[in-house]
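Chemist: Quick one, fold the following:
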Amino acid sequence: MSEAVVTEHAEPILRLRGVGRRFGGLHAVRDVDLDVAHGERRAILGPNGAGKTTLFNVISGDFPATSGSIHFLGQDVTGVAARHRAKLGMGRTYQKTRLFHGLSVEDNLYLAVLGVKQGHLRPVVVPKQDEELRGRARELIASVHLGGRESTLVGNLSHGEQRQLEIGMARASDPKLMMLDEPASGLSRGERVALTDLLLGLDPSITLILIEHDMDVALRVAQRVTMMHDGRVIVEGTPDEIRANQTVHDLYLGRGHQADG
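Modeler: Residues are numbered from 1 along each chain as shown. Just a heads-up that it's a prediction; the model follows:
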């Protein structure tokens with residue numbers, strides 16, 4: 001489990017109360033209450049269709065909530081647009097990579113840093129003219145263990161390296177809360193190990209929430225786990241409590257993740 005230290009704050013960094021999201025008659029997310037502390041590592045787990053990514057989209061503002069409230073850093077952001085939530089300190093990745101495959105690793109991160117400064121991303125080749133921002137891009141490259149790959153075209157990176165780059169892109173805005181949507185999806189065993197080490201080494205002041213199907217990754221990184229089923233939260237607890245929970249075991253984990261495993 002992560003050794004990150006949860007910072008003492010009177011209020012959680014993220015608080016959801018009664019949050020729901022409908023698509024017509026479909027309740028993709030319903031009546032979700034969630035508190036995430038400053039500096040916490042939280043995993044949101046559950047099978048396909050449980051509502052995890054929809055919940056992420058509602059938290060980030062990509063989808064508006066159809067019920068309930070969302071507070072971030074003590075501010076009600078329920079009706080706030082996604083770009084403004086990002087400016088407040090939310091960073092995220094998506095299930096499908098959103099990288100510029102025809103550009104280099106450094107140019108991708110330069111554009112991410114430039115987007116933070118200017119308020120948008122520009123998918124064009126940019127002259128190497130701003131050494132301050134280029135320096136920040138190279139710092140991010142090192143932070144996600146891609147040193148030596150600065151000039152490599154993103155399309156030539158392995159899938160695992162692209163996931164590492166995505167985390168660097170999400171960090172470009174110096175987020176207070178970073179949300180990762182299935183970062184280990186499609187990775188080899190070795191790539192999952194490298195990703196886990198990267199997540200464990202993140203700045204402990206950054207709050208991390210991740211959706212993940214790989215239990216080995218999720219339960220090693222997380223300090224607390226929220227399990228979802230049919231759009232609802234069914235149980236919360238520490239990784240050990242989740243491993244030992246019979247409902248979770250019956251629905252999701254199987255024999256490979258017994259309480260003593």
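
Chemist: Can I get stretch 182-202 in PDB? Just the C-alpha atoms.
Modeler: Extracted in PDB, the C-alpha atoms of stretch 182-202 (Å, rounded to 0.1, in the frame of the first residue of the first chain):
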ATOM      1  CA  GLU A 182      -7.500   2.900 -15.900                       C
ATOM      2  CA  PRO A 183      -3.800   3.800 -16.200                       C
ATOM      3  CA  ALA A 184      -2.800   0.100 -16.300                       C
ATOM      4  CA  SER A 185      -5.200  -0.900 -19.000                       C
ATOM      5  CA  GLY A 186      -3.500  -2.900 -21.800                       C
ATOM      6  CA  LEU A 187      -0.100  -2.900 -20.100                       C
ATOM      7  CA  SER A 188       2.300  -5.800 -19.900                       C
ATOM      8  CA  ARG A 189       3.300  -7.200 -16.500                       C
ATOM      9  CA  GLY A 190       6.600  -5.300 -16.500                       C
ATOM     10  CA  GLU A 191       4.800  -2.100 -17.600                       C
ATOM     11  CA  ARG A 192       2.300  -2.500 -14.700                       C
ATOM     12  CA  VAL A 193       5.200  -2.800 -12.300                       C
ATOM     13  CA  ALA A 194       6.800   0.300 -13.700                       C
ATOM     14  CA  LEU A 195       3.500   2.200 -13.500                       C
ATOM     15  CA  THR A 196       2.900   1.200  -9.900                       C
ATOM     16  CA  ASP A 197       6.300   2.400  -8.900                       C
ATOM     17  CA  LEU A 198       5.600   5.700 -10.700                       C
ATOM     18  CA  LEU A 199       2.300   6.100  -8.800                       C
ATOM     19  CA  LEU A 200       3.900   5.200  -5.500                       C
ATOM     20  CA  GLY A 201       6.600   7.900  -6.100                       C
ATOM     21  CA  LEU A 202       4.200  10.800  -6.800                       C
END
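
Chemist: Not counting its own residues, what contacts it?
Modeler: Stretch 182-202 has contacts (Cβ atoms under 8 Å, 6 or more residues apart in numbering) with 2-4, 41, 93, 95, 144-145, 158-160, 163-164, 166-167, 178, 180, 208, 210-214, 216-217, 220-221. C-betas here are computed from N, CA, C, even on glycine.

Chemist: again, but for stretch 52-61
Modeler: So stretch 52-61 is contacted by 14, 16, 19, 21, 28-29, 32, 44-46, 62-65, 70, 77, 80-86, 90, 92, 95, 179, 181, 209, 211, 228, 231 (Cβ under 8 Å, 6+ apart).

Chemist: do stretch 246-253 as well
Modeler: In contact with stretch 246-253 (Cβ under 8 Å, 6+ apart) are residues Leu45, Gly46, Pro47, Met215, Met227, His229, Ile234, Val235, Ile242, Arg243, His257, Gln258.

Chemist: tell me which element the fifth one falls in.
Modeler: For Met227, the element it lies in under DSSP states H and E is strand 224-229.
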